[in-house]
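Trainee: predicted model and sequence below, questions to follow.
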Amino acid sequence: WSLALSPRLECNGKAFGLLKARQERRLAEINREFLCDQKYSDEENLPEKLTAFKEKYMEFDLNNEGEIDLMSLKRMMEKLGVPKTHLEMKKMISEVTGGVSDTISYRDFVNMMLGKRSAVLKLVMMFEGKANESSPKPVGPPPERDIASLP
């Protein structure tokens with residue numbers, strides 16, 4: 001059995017790798033469009049931001065189709081520790097896409113992250129970035145306190 005299955009598994013892994021590589025090239029191409037767009041010429045650290053956006057987007061585009069659907073968004077929100085209801089997520093997608101799509105394309109995602117509007121998803125993503133940058137959380141038991149130090 002193992003001999004018969006291994007080439008097949010290897011092919012699936014290869015196919016997944018090719019899909020991922022193709023998606024990465026597509027997203028990099030879109031990033032180049034944003035870098036050349038005069039509208040964003042005064043955006044501070046644009047190349048670094050776009051690289052971070054691409055990595056985050058690829059992390060949550062679970063089927064490598066180049067779009068974040070409702071289930072991918074659900075997993076994203078749960079992973080970020082802010083689970084949302086089905087209705088809240090539909091509203092978030094509508095807010096990002098302007099109501100024209102049921103999925104978030106990478107272009108929509110970057111426009112949202114660079115845009116001036118405060119979409120709920122943007123706030124969550126920014127919060128997650130800040131949470132990762134903040135000082136490490138203390139580990140171990142909390143320090144002992146006496147009654148006088150309590151609020």
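Mentor: Now that the structure is in, tell me what you want to look at.

Trainee: low-confidence stretches in this structure?
Mentor: For the chain, applying pLDDT under 70 flags the ranges 1-16, 116-120, 122-140, 142-143, 145, 149-151.

Trainee: show me where it has helices.
Mentor: 2-36, 46-60, 70-79, 86-97, 106-114, 120-133 (DSSP state H).

Trainee: for the fifth one, packing partners?
Mentor: This points to helix 106-114. On a contact count with 3 or more C-beta pairs under 8 Å, 6 or more residues apart in numbering; DSSP states H and E, helix 106-114 meets helix 2-36, helix 46-60, helix 86-97, helix 120-133. (Glycine included, C-beta is placed from N, CA and C.)

Trainee: contacts for it, please.
Mentor: Counting by C-beta atoms under 8 Å, 6 or more residues apart in numbering, helix 106-114 makes contact with 26-27, 30-31, 34, 40, 43, 49-50, 53-54, 57, 61, 66-68, 96-97, 101, 119, 121-122, 125, all of which sit outside it.

Trainee: restricted to buried residues, select these in PyMOL.
Mentor: To isolate in PyMOL the members of the contacts of helix 106-114 that are buried, counting by 16 or more other C-beta atoms under 10 Å, one can use:
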select buried, resi 27+30+31+34+40+49+50+53+54+57+61+66+67+68+96+97+119+121+122+125
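
Trainee: buried residues in stretch 108-117?
Mentor: Buried residues in stretch 108-117 (16+ other C-beta under 10 Å): Asp108, Phe109, Val110, Asn111, Met112, Met113, Leu114.

Trainee: sorry, that was for stretch 65-74
Mentor: Neighbour-count burial for stretch 65-74 flags Gly66, Glu67, Ile68, Asp69, Ser72, Leu73 (criterion: 16+ other C-beta under 10 Å).
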